[in-house]
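Q: Here is a sequence with its predicted model. Questions after.
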Amino acid sequence: MEIKRIKYYESKSFNPYINLSFEEKLMSELKQGELIFYIWQNQNTVVIGKNQSAKAQCNLELMKKDYISLARRSSGGGAVYHDLGNLNFTFISSNDEFNIKKNLQVIKQALLEFGIEATFSGRNDLLVDGYKISGQAYLKTKDVSLHHGTLLVDVNLDNLSKYLRVDEDKLKNHGVKSHTQRVKNISQFNNQVTVEKIITQLKKSVTDVFNCPLSVCDITENDLCNKYFSDQWLYRIDIVGERISKRFDYGLLDINLKIINKIIVDVQINSDLMDVNIIEQIKENLINKKFNYTLLGSINLSDRIVEADLIQMLKDKLCTI
């Protein structure tokens, strides 16, 4: 299947809950043969991944004091800081038509117009001269795929280390001591770059790469998803139980198991894995199961690497209790 038309939406709101809600609404409204390209910005917000712990990732007290919003998205990945020097992009298409290489080409081609050459690196980063200028995340449902990310145009980089808590293992993997050591603004590579100019180039680039017309559509805020506004979505109550935790190349697995009479009655997973569906599979494999060595033989995940690591983590824990 090929993309035949592009629907372009640009949010005029800087409210993270409205913007994330509209993104989810667009996923539900996608039609076959369409690519939805959505541009949006958030005012002074920390956005965490679906399975992350807000308390572990953010300095919540300082954020409250400085009027920094907290938002939780539906995709995986890690925590990011947004202000109006940052630009967010979203590609939405059917699973059959999803093409991450083309999506990335749209971004890279737009940056090339400013003489900036970006390369894809690691799990989800775009780099320029070795510095991160974009982080990305993904979401796949039964029929629809979403790819969204940031473009650090002229962000207050000091706020990254101010409001985001340091993950020592993650920084060690990147060979740096702080968030700000591995990131730069796009404007540091070309001081003529602005958010508005990048938006103009992105609109041109997406039509060039997908070779089909773009229609500008208006955003309506009717019937938006309310979950993004709720404390229940934003803040999860930590369960007390047996904990197993380890960081792998693909991300953190931090699993808490509530066990009563040797039965796993609740599972809470804090993770920055890109694939949120794997996290749901882990929960389904553990909940209401006996916590014993027989459990290890019943684990069945779509990702065999994560499956093997999970089995080893559970085995190590069983050896200690």
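A: Cool, the structure landed.

Q: quick one: the strands in this protein?
A: Here the chain has its strands, by DSSP state E, at 5-10, 34-40, 45-48, 69-72, 80-82, 86-94, 119-121, 125-128, 131-140, 144-152, 214-217, 242-248, 251-260, 263-270.

Q: Just say which of those is most tucked in.
A: Ranked by mean neighbour count under mean count of other C-beta atoms under 10 Å, the strands of the chain are led by strand 80-82, which reaches a mean of 26. The way it works is simple: take the backbone N, C-alpha and C, and place the C-beta from them, glycine included.

Q: From the contact counts, what lies against that one?
A: If contacts are counted by 3 or more C-beta pairs under 8 Å, 6 or more residues apart in numbering; DSSP states H and E, strand 80-82 sits against strand 45-48, helix 158-163.

Q: which one of those lies closest to residue 243?
A: strand 45-48 (19.6 Å; C-beta to C-beta).

Q: which one of the helices and strands packed on strand 80-82 lies closest to residue 298?
A: Nearest of the helices and strands packed on strand 80-82 (C-beta to C-beta): strand 45-48, 31.2 Å.

Q: The closest one pairs with which strands?
A: Strand 45-48 has these partner strands in its sheet, going by DSSP bridges: strand 69-72 (parallel), strand 80-82 (antiparallel).

Q: contacting residues around the shortest one?
A: Applying C-beta atoms under 8 Å, 6 or more residues apart in numbering, the contact partners of strand 80-82 are 16, 41-47, 88, 135, 150, 155, 159-160, 163-164.

Q: If we use 10 Å, what do you get?
A: 14, 16, 19, 40-49, 57-58, 63, 68-69, 71, 73, 86, 88, 135, 137, 149-150, 152, 155-164, 179, 183 (C-beta atoms under 10 Å, 6 or more residues apart in numbering).

Q: residue ranges with poor pLDDT in the chain?
A: For the chain, the stretches with pLDDT under 70 are 1, 167-180.

Q: let's go with 80 and repeat that
A: The chain contains residues with pLDDT under 80 at 1, 123, 166-181, 219-223, 321.

Q: Let me see the domain layout of it.
A: Domain assignment of the chain by automatic domain parsing yields the ranges 5-232, 239-318.

Q: winner for burial among those?
A: domain 5-232 (a mean of 18).

Q: That one: how far from the chain's middle?
A: Taking the mean of its C-alpha atoms, domain 5-232 sits 8 Å from the chain's own mean (C-alpha atoms, centre = their mean, to the nearest Å).

Q: hmm, back to that, right, so of the strands of the chain, which gets closest to residue 232?
A: strand 69-72 (10.4 Å).

Q: Please list the residues outside that closest one that contact it.
A: By C-beta under 10 Å, 6+ apart, the surrounding residues in contact with strand 69-72 are 14-17, 19-20, 42-52, 54, 57-58, 60, 63-64, 79-80, 82, 163, 227-231, 233-236.

Q: go with 8 Å
A: 16-17, 20, 42-50, 52, 54, 58, 60, 63, 228, 233-234.

Q: same question, stretch 102-120
A: By C-beta under 8 Å, 6+ apart, the residues outside stretch 102-120 that reach it are 37, 89, 91, 126-128, 133-134, 147, 149, 151, 186, 189-190, 192-193, 197-198, 201-202, 204-206, 208-210.
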